[in-house]
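J.: below: sequence and its predicted model.
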Amino acid sequence: MEPETETKCRPNRWTIAIAGTLLQLALGTVYAWSYFQQPIMAAGKWTNAQAAWAFSLAIFFLGLAAAWGGVNLPKYGPRKLAMSGGFLFGLGYLIAAYALYTKSLPVLYAGYGVIGGVGLGLGYVTPVATVAKWFPDKKGFITGMVVMGFGFGALVMTKVLAPVFLAITDNDLVRVFSYIGIVMLVITLAAGGFLVDPPPGFRPAGYTVPASASSRAPAGQAAVTARQGILSGKFLIMWTVFFLNIVAGIMFIGFQSPLLQDLLKKTIDPAALGDPQVVAGLAAAGATLIAASSIFNGLGRFFWGGLSDRIGRVETFRLILGTQIAVFIALLFVDSPLVFGILVCYILLCYGGGFGSMPSFVLDVFGPRLMPVVYGTILTAWGCAGIVGPQIVAFLKDNFSQQAARYTFTTAAALLLLGLVLTFVMRSGQYAPEQAD
């Protein structure tokens, strides 16, 4: 029997890709956390580290839930997992609103961090793994496009949702988080409902499966198991490189607004820092940086994912890591807020690039059969980096306020250097158990 072609298959695969991108866009609003970091600290009289734990926990549980979701995606199907993830994510915002009303850190952690984070993980892994099955002919391009939506989420939050809701509620964070939660429920449930797997034997018209891409084992050789893949040296190196790139970028995602405001304060008369207009201007500058960097975060997923199709996955990661080292070193000598913003945007371009390149890298190395499980598991690197990155910066800001930025940049450069070294032992060939890892 001939495989089904795109023209015989309903729904259209581009509709599914757009729905997956929209779902990612809603989930990506989590990257606007630094927009709320200081207002939340002020509302609850909490420290940098205390407030940042909500974001760290959200990313940590994202990684754990993505790993579980990747394993169970074949069992439950993409629609159920995506809609469940969207529901939990929206619920997390609603619980966070209650936490702000009661000024309860544990409730904030449980709602935004744990419940919202689990929703993020289930929602994130599902469209990536599902859309990749519909586009075997455009792996890097299409996975880059879908995760690009996640990168653009902070732009939507800081320039659309948050300003509108802050204006109509007179800066009432409790109501703002409540309204955001409702919007997230509507968008994620609607988008998740479109996600389905392609029919058996599907391949796009004109596409021929390359011999090297087959997930079948050669005659007489047992098929590679998910356990073998996850416990392999290839996986460990890929996980570590991914983790190090994320740590460097997520430091800025969690604190880019406060870091920029600290730099701007050096150019302002200290006596004017109590002026509400000055405070509002600093917050607006931080929001602008979040919005701009989110664009580069999104574009990076698309750009680097597509570039990896042309130059190779390993070579792409070398460029991502190597160029960032130079940028972080340059940040040690930057006093201009404008230059600072430009460099942060490039870091976020590379941060997004890791997410745009990794799905197709996993497909190349472990094949489509193991893609959901291995990719879901590799996202635990994101969860771990979500704890490490923000907490490093929070600790430095709470304990070394004057030197926090310099220590942050130095730490990031060192981590990226380690990642760059590891890329020279990475291999992009398909994994087989008999290979030396």
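T.: Cool, got the structure.

J.: quick one: contacts for the nearest residue to Ile187 once chain neighbours are set aside?
T.: Once flanking residues are discounted, Ile187 sits nearest to Ala26: 4.4 Å by Cβ to Cβ, 6 or more residues apart in numbering. To be clear about C-beta, it is placed using only N, CA and C from the backbone, and glycine gets the same treatment. Contacts for Ala26 were tallied using Cβ atoms under 8 Å, 6 or more residues apart in numbering; they are 86, 89, 153, 183-184, 187-188, 191.

J.: just the strands in the stretch 151-300 of the chain please.
T.: Counting by DSSP state E, counting those that start in this stretch, the stretch 151-300 of the chain has no strands to list.

J.: where does it dip in pLDDT?
T.: Within the stretch 151-300 of the chain, the ranges that satisfy pLDDT under 70 run 206, 208-222, 254.

J.: hmm, try it at 80
T.: Residues of the stretch 151-300 of the chain that meet the criterion pLDDT under 80 lie in 201, 203-224, 252-259, 262, 266-276, 278-280, 283.

J.: all helices for it, in order.
T.: All helices of the stretch 151-300 of the chain, identified by DSSP state H, counting those that start in this stretch, fall at 162-168, 173-192, 226-230, 233-265, 276-311.

J.: now mean neighbour count too, for those helices, in JSON lines please.
T.: Below are the helices of the stretch 151-300 of the chain laid out as JSON lines (neighbours: other Cβ atoms under 10 Å):
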{"stretch": "helix 162-168", "mean neighbour count": "15"}
{"stretch": "helix 173-192", "mean neighbour count": "20"}
{"stretch": "helix 226-230", "mean neighbour count": "16"}
{"stretch": "helix 233-265", "mean neighbour count": "23"}
{"stretch": "helix 276-311", "mean neighbour count": "21"}
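
J.: could you check the pLDDT of the closest residue to Ala248 other than its chain neighbours?
T.: Spatial nearest neighbour of Ala248, chain neighbours left out: Ala412 (4.2 Å); criterion: Cβ to Cβ, 6+ apart. Among the per-residue scores, Ala412 holds a pLDDT of 94.

J.: same thing with Pro3?
T.: Note for Pro3: predicted pLDDT of 40.

J.: try Ile329
T.: So, for Ile329, pLDDT stands at 96.

J.: and if you look at the one 10 residues further on?
T.: Predicted confidence (pLDDT) at Val339: the value is 90.

J.: next one: the stretch of helix or strand it belongs to to chain centre, how far?
T.: Using DSSP states H and E, the element containing Val339 is helix 337-378. Relative to the chain's own centre, helix 337-378 is displaced by 8 Å; criterion: Cα atoms, centre = their mean, to the nearest Å.

J.: ditto for stretch 55-72
T.: Its chain's C-alpha centre and that of stretch 55-72 lie 11 Å apart, by Cα atoms, centre = their mean.

J.: name the element Ile320 belongs to?
T.: helix 313-331.

J.: what does that helix contact?
T.: Contact with helix 313-331 is made by 241, 244-245, 248, 304, 307-308, 340, 343, 346-347, 350, 353-354, 357, 360-361, 364, 405, 409-410, 412-413, 416-417, 419-420, 423-424, 426-428, as judged by Cβ under 8 Å, 6+ apart.

J.: can I get the buried part of these as one PyMOL selection?
T.: Those of the contacts of helix 313-331 that count as buried under 16 or more other Cβ atoms under 10 Å are selected in PyMOL with:
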select buried, resi 241+244+245+248+304+307+308+340+343+346+347+350+353+354+357+360+361+364+405+409+412+413+416+417+419+420+423+426+428
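
J.: quick one: Leu100 and Leu173 touch, right?
T.: Yes: judged on Cβ atoms under 8 Å, Leu100 makes contact with Leu173 at a distance of 5.2 Å.

J.: joint contacts of these two?
T.: Listed contacts common to Leu100 and Leu173 are 40, 43; contacts here mean Cβ under 8 Å, 6+ apart.
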